[in-house]
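Q: give me a model of this one.
(2 chains)
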Amino acid sequence: EAEVAQSPRYKITEKSQAVAFWCDPISGHATLYWYRQILGQGPELLVQFQDESVVDDSQLPKDRFSAERLKGVDSTLKIQPAELGDSAMYLCASSEETQYFGPGTRLLVL
Amino acid sequence: EDQVTQSPEALRLQEGESSSLNCSYTVSGLRGLFWYRQDPGKGPEFLFTLYSAGEEKEKERLKATLTKKESFLHITAPKPEDSATYLCAVAGTASKLTFGTGTRLQVTL
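A: So this is what the prediction gives:
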């Protein structure tokens, strides 16, 4: 069964450092999403891609976060510099109609 | 703005004790209501999509129903392996998902 892949699964970094997360969506899914989930809350959309184009990045803190999907397949989300409040689970999802999620990357900023 | 409220926040059941989880929503132009299951430290796992009031879907011990204002996830004779957080989300005219904060379910022997 096809799955969304994410790496790394866990990342510990110090504040002011740069971090990057990678996502490989289910093959053939044109739409890709990055979410942030704080413990005890539901996922919140950061950015949505349709192929290589950004459809919605209204909730992405653009002063420190960036996302790209250069060839319309896999995607990278970057934070530079990381802050203590960025500690969360970062989830990638892809869809044709239904969104399927990857295992997530748990980020801890010290 | 789309909103989703889930209740209760946490629920503890004994094995075999049936119950229901509630998801109340407000959305402009419902395109779908989604239920996901999330185990600790993992990504949400898709369970159901409901599109219109009156629709019902079942999977093993779970049954999801939908009205114009809320959805219920009924759990019949739960087992310990059903313990997880259950997330409800809606997609409106913008197609993006708005999630609730989830119901943490614990099923004990």
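Q: what residues are bridge-paired with residue 65?
A: Since you didn't name a chain, this refers to chain A. Taking DSSP bridges, one obtains residue A:79 as the residues bridged to residue A:65.
Q: try chain B instead
A: Going by DSSP bridges, residue B:65 forms beta bridges with residue B:56, residue B:72.
Q: and it, how many residues sit next to it?
A: A count of neighbours around residue B:65, defined by other Cβ atoms under 10 Å in any protein chain shown, yields 18. Every residue, glycine included, has its C-beta placed from N, CA and C.
Q: show me what contacts it?
A: Residues counted as contacts of residue B:65 (Cβ atoms under 8 Å, 6 or more residues apart in numbering or on different chains) are B:50, B:55-56, B:71-72, B:74.
Q: what's the most distant pair in the residues you listed?
A: B:55 and B:74 (13.8 Å; Cβ to Cβ).
Q: tell me which residue of chain B lies closest to chain A.
A: residue B:99 (3.0 Å; Cβ to the nearest Cβ).
Q: in space, what's closest to that residue - neighbours in sequence excluded?
A: residue A:42 (3.0 Å; Cβ to Cβ, 6 or more residues apart in numbering or on different chains).
Q: wait, doesn't the one you found sit right on residue B:100?
A: Yes - between residue A:42 and residue B:100 there is a contact under Cβ atoms under 8 Å: 5.5 Å.
Q: who touches both of these two?
A: B:4, B:87, B:89.
Q: just those residues that are near chain A?
A: B:4, B:87, B:89 (Cβ under 8 Å from any Cβ of the partner chain).
Q: contacts only, for residue B:89.
A: So residue B:89 contacts A:42, B:4, B:33-34, B:36, B:97-100 (Cβ under 8 Å, 6+ apart).
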